[in-house]
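Trainee: Fold the following.
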Amino acid sequence: MRGTEGLLHNLAAKNIKNLYRVINISIRKKWLAVNPFRDFSCAFINNPRPYLNESEIEKIVSKKLPIERLAKVRDTFVFQIYTGLSFIDMQELTNKNIEIGIDGKEWIVSSRKKKPVTG
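Mentor: Predicted coordinates for the structure are as follows:
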């Protein structure tokens, strides 16, 4: 997959993990007698993620966008940068999630959500 298809390591590993599932089902249903990949191993590589620095964030904030929809997307992204909210948490955010803290300031109070897996 990496050589002929040009996939990066972690994407190839994910595809192999999904193939393992199919093979295990095949073994349970007795379509296969043994796992042809029993001696093969493949692990994910934990790549460091780059972070935006203040000047990069400032460029995003000050960028003039000609389309209002893009400006809203930018503003949402910047809000997520400063709050750490995920996309799904941002979608679910309402006025009910804003509470006054013991310091007298407004705080976002919400439980972490994960997008449901479909398909």
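
Trainee: who's in contact with the residue of the chain most remote from its centre?
Mentor: Within the chain, A33 marks the point farthest from the mean C-alpha position, 36.8 Å out by C-alpha atoms, centre = their mean. Residues counted as contacts of A33 (C-beta atoms under 8 Å, 6 or more residues apart in numbering) are I27. From N, CA and C alone the C-beta is placed, and that goes for glycine too.

Trainee: go again using 10 Å as the cut-off
Mentor: 26-27 (C-beta atoms under 10 Å, 6 or more residues apart in numbering).

Trainee: Quick one, grab the pLDDT at it.
Mentor: Among the per-residue scores, A33 shows a pLDDT of 89.

Trainee: How about S41?
Mentor: Listed pLDDT for S41 reads 80.

Trainee: how about the nearest residue to V61, chain neighbours excluded?
Mentor: The shortest distance from V61 to any residue other than its chain neighbours is 5.7 Å, reached at V78 (C-beta to C-beta, 6 or more residues apart in numbering).

Trainee: give me every residue that touches that neighbour.
Mentor: Under the criterion of C-beta under 10 Å, 6+ apart, the contact partners of V78 comprise 52, 57, 60-61.

Trainee: how about it, phi and psi?
Mentor: The phi and psi values for V78, taken as degrees, to the nearest 10, are phi -60, psi -40.

Trainee: Kindly report the same for A71.
Mentor: Per-residue torsions, A71: phi -60, psi -40 (degrees, to the nearest 10).

Trainee: gap between the nearest residue to it once chain neighbours are set aside and F77?
Mentor: Nearest non-adjacent residue to A71, counting by C-beta to C-beta, 6+ apart: L65, 4.5 Å away. If you measure L65 against F77 using C-beta to C-beta, to the nearest Å, the figure is 12 Å.
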